[in-house]
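Engineer: sharing a model that was predicted from the sequence below.
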Amino acid sequence: MSSPPGTTPKPLDPADIAGTRTTGELAGAAERAAAALLTPAAPVRLGEVVPAPERVEPDPEADYLLPADAVIRVSAAPAALAVAEQLAALLRPATGYPLPVTDIAGQPPAGGIVLHLTGDADLGAEGYRLDVAADGVRIRAGTAGGLHHGVQTLRQLLPAAVESTTPVAERWVLPGGSILDRPRYAHRGAMLDVARHFFGVTDVLRVIDHLARYKLNRLHLHLTDDQGWRIAVDSWPRLAAVGGATEVGGGPGGYYTRADYRRIVAYAAARHITVIPEIDLPGHTNAALVAHPELAPDQTAPPPYTGTEVGFSYVDPTSERTYDFVADVLGELAALTPGRWLHIGGDEAFKVPADVYARFVERVQRIVAGLGKTVVGWHQIAPAGHIDGRVLQWWGTSGDDPVTADAVRRGARVILSPANHAYLDMKYAPDTPIGHDWAALIDVRRAYDWDPATHLTGVPADAVLGVEAPLWTESVTTRAEIEFMLLPRLPAIAELAWSPRSTHDWDGFRQRLAGHGPRWTAAGVEYHRSPEVPWPAQPPIPAPRPAPRERNATRSAQG
């Protein structure tokens, strides 16, 4: 660490004077002290983290310089070792340091990073403690998930150049002090619509990386819709082969093989993110009906659909063949999905009578329960009979929804995705070149300034599982466009879901968020330079905006 201007260096350690340290220890201490005198103050302050930590205690006298010979020591549990290897992989490209990973047995070497599983119940399933001192860094957590979140904080405390994929000449200084951090909500997620436009595995993995960076822990994949069926089902192979061959605008479409899907699930799990797959039923099923017309009410195959309207298609809710289809598809998907949730959609089945719709949902809920999973559905399933554990994903634009409130009184719990605050396919401003505006124009402050605990009238705070930000893709066609719509709004949603309400402060958030622009640029990430955020004036590499282009008509409701 460097001494602040106008101060004198600290006195010698009494252990040095008494001669109780070995020659090697004294030499190491002297080397670190010499380096500290040459080290500027940490360029990032301890509190400049997104999402905001629960408690931050800076110690300006304890900045830590990561040396070239630093070692990462970790508890020997395999899941903890995996987190340590991820940390090393994050830091090696920019630093050029070898950063070997070894277990925590014995005395950790000076200048190291320690990841320690402590079994501390107070930290819960995802909390952590991070301590930065002049002689090293320690992250403690009760679980590997907590260590993972602590690693994301450590990453943000290093200079922005740490995101570079090639070595950078930089002094890798971490600000001294301690952080205690635990999440507000158990469910902190984002949804990616791969049905309207198909995105390959590497694009989905990139989205997972963005979620992990901001301590989100759920990825909801919207796998089926009118425009495409995106998951292979062995017992119904035409669903993917035929139903997956289209997308909005007439592109080639595509689908995930079972191996592809397993790869996505495993990659997410390694970053402590659970995949929640969605098969939208009984509406939004045109692609399935093209592949299997026997599921249609008139048993006639409709033409493939590449537009963006909603509410016109549905599987026959009175046919036993439909329930064979539902049981087979959800059964195969459940077997591929280690997470506890299956999403059954349920929205915008406008042509199905209310009583028939309710009976369909109730039967599908029982199918999901029989597979040992918890059912999730859009809030339109609220009127159907309750089943233990069911979750409603609420996407409305008015906080007054007595039907959803009644479902909560009957035992349902809620994930909040208000379309006028959390929908990441909404335009930032009228001139945003892609996206919609039917729910609202959503810039960063609108994404940030609402409270999940009080947003829905008649729904108590303890019924809210958390927050999820959907990205529908009628007008989103590339990974660059995905990132442009995610950033910088995704960190705003992440902070609502993770941080204590007491830390909520728009001005403080926008200042912290500004420091992430250079990080995204260093990582080659596209983002929207919102005028609400005081970004650094000249980022190293300007982030391009997607060019305007012709698009199909947008929907007027969710989709």
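Structural biologist: Looks like it came in fine.
Engineer: okay, which residue is most central for this protein?
Structural biologist: Nearest residue to the geometric centre of the chain (Cα atoms, centre = their mean): Leu211, 2.6 Å.
Engineer: from memory that one sits against Leu219, does it?
Structural biologist: Yes - between Leu211 and Leu219 a contact is recorded at 6.1 Å, counting by Cβ atoms under 8 Å. (C-beta placed from N, C-alpha, C; glycine too.)
Engineer: between those two, what contacts are shared?
Structural biologist: Overlap of the contact sets of Leu211 and Leu219 (by Cβ atoms under 8 Å, 6 or more residues apart in numbering) consists of Gly189, Ala190, Ile273.
Engineer: nearest to Tyr323 among those?
Structural biologist: Within those, proximity to Tyr323 (Cβ to Cβ) peaks at Gly189, which comes in at 29.0 Å.
Engineer: partners of that closest one in the sheet?
Structural biologist: Residues in a beta bridge with Gly189, per DSSP bridges, are Arg218, Glu468.
Engineer: quick thing: my sequence starts at 18, can you match it?
Structural biologist: In the new count, where the first residue is 18, that last one comes out as Gly206.
Engineer: where does the prediction get shaky in the stretch 18-167 of the chain?
Structural biologist: 18-58, 123-128 (pLDDT under 70).
Engineer: try the chain
Structural biologist: Using pLDDT under 70, the flagged stretches of the chain are 18-58, 123-128, 555-576.
Engineer: could you pull out the strands in the stretch 418-567 of the chain for me?
Structural biologist: Secondary structure of the stretch 418-567 of the chain (DSSP state E, counting those that start in this stretch): strands at 430-433, 481-488.
Engineer: then the stretch 118-267 of the chain?
Structural biologist: According to DSSP E, counting those that start in this stretch, the strands that the stretch 118-267 of the chain contains are 118-120, 129-134, 145-150, 153-158, 190-191, 194-198, 204-210, 235-239, 241-242, 245-246.
Engineer: I'd like to know which elements the longest one is packed against.
Structural biologist: Translated: strand 204-210. In this structure, strand 204-210 packs against helix 218-230, strand 235-239, strand 481-488, helix 506-515, with contacts taken as 3 or more Cβ pairs under 8 Å, 6 or more residues apart in numbering; DSSP states H and E.
Engineer: can you put these in a markdown table and add distance to Glu295?
Structural biologist: As requested, those are arranged in a markdown table below (distance: least, Cβ to Cβ, whole Å):
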| stretch | distance to Glu295 |
| --- | --- |
| helix 218-230 | 14 |
| strand 235-239 | 5 |
| strand 481-488 | 10 |
| helix 506-515 | 19 |
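Engineer: and of those, who's closest to Ala101?
Structural biologist: Taking Cβ to Cβ, helix 218-230 is the member of the helices and strands packed on strand 204-210 nearest to Ala101, at 15.2 Å.
Engineer: and which of the shared contacts of Leu228 and Leu236 is nearest Val393?
Structural biologist: Distance ranking of those against Val393, using Cβ to Cβ, places Gly206 first at 10.6 Å.
Engineer: and that closest one, how many neighbours?
Structural biologist: By other Cβ atoms under 10 Å, the residues close to Gly206 number 26.
Engineer: for Ala464, see how far away it is.
Structural biologist: Per Cβ to Cβ, to the nearest Å, Gly206 is found 14 Å from Ala464.
Engineer: check Val211 too.
Structural biologist: Applying Cβ to Cβ, the value for Val211 to Ala464 is 22 Å.
Engineer: buried ones in the strand or helix carrying Val100?
Structural biologist: Val100 is located in helix 95-112, with elements delineated by DSSP states H and E. By neighbour count, and taking 16 or more other Cβ atoms under 10 Å as the criterion, the buried residues in helix 95-112 are Ala97, Leu98, Ala99, Val100, Ala101, Gln103, Leu104, Ala105, Leu107, Leu108, Ala111, Thr112.
Engineer: thought the third one was touching Ala287?
Structural biologist: So that's Ala99. Yes - between Ala99 and Ala287 a contact is recorded at 6.3 Å, counting by Cβ under 8 Å.
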